[in-house]
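Q: Here is my input; please provide its structure:
(chains A, B and C)
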Amino acid sequence: MQNNKNPIDTAFKERIYTLIGSIPMGKVAAYGQLARLAGAPNQSRAVGRLLKNLPAKSTLPWHRVINSQGKISFSIESEKYQQQRKLLTAEGVIFKNNKVSLKTYQWLA
DNA sequence: CACCTGACGCGTA
DNA sequence: TTACGCGCCAGGT
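A: Below is the predicted model:
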């Protein structure tokens, strides 16, 4: 266990993980949206870092997290882009001109 | 220690 | 609608 870790950062991380885990299949959430729900409105980049450092063994639906433009935040040429898009398409998310419908975000109030 | 980079987002032009 | 700039800030060089 890491002793002097900042409890606030740890709590933030846990909240983000919980939120991501609560995203229903076929729906998505934006980095900034999650950060906001976790109580840290200007930390969208922190959410991105969390996912980047996410251990491969994790079962979190990281692919359901995209940016506020409704697009996947990887280069359209990258393998990661293709992988994420494939996962989303497999659960019914429709892409139109590389973007998902805004309705896809409506998984919460 | 300075400087760059990035799984972001928003306001302006 | 697309293009930039700036805020934010942990990590890497």
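
Q: low-scoring stretches of chain A, by residue?
A: Residue ranges of chain A with pLDDT under 70: A:1-8, A:108-109.

Q: so how far is DNA strand C from the most centrally placed residue in chain A?
A: Centroid-nearest residue in chain A: A:Val65, 2.5 Å away (criterion: Cα atoms, centre = their mean). As judged by Cβ to the nearest atom of the strand, to the nearest Å, A:Val65 and DNA strand C stand 16 Å apart. In this view, the C-beta of every residue, glycine as well, is placed from N, C-alpha and C.

Q: That residue contacts A:Val28, correct?
A: Yes: contact criterion Cβ atoms under 8 Å: A:Val65 and A:Val28 qualify, at 6.9 Å.

Q: Just the element for A:Asp9, please.
A: Per DSSP states H and E, A:Asp9 falls inside helix A:7-21.

Q: In that helix, which residues are buried?
A: For helix A:7-21, the neighbour count (16 or more other Cβ atoms under 10 Å) marks A:Phe12, A:Lys13, A:Arg15, A:Ile16, A:Tyr17, A:Leu19, A:Ile20 as buried.
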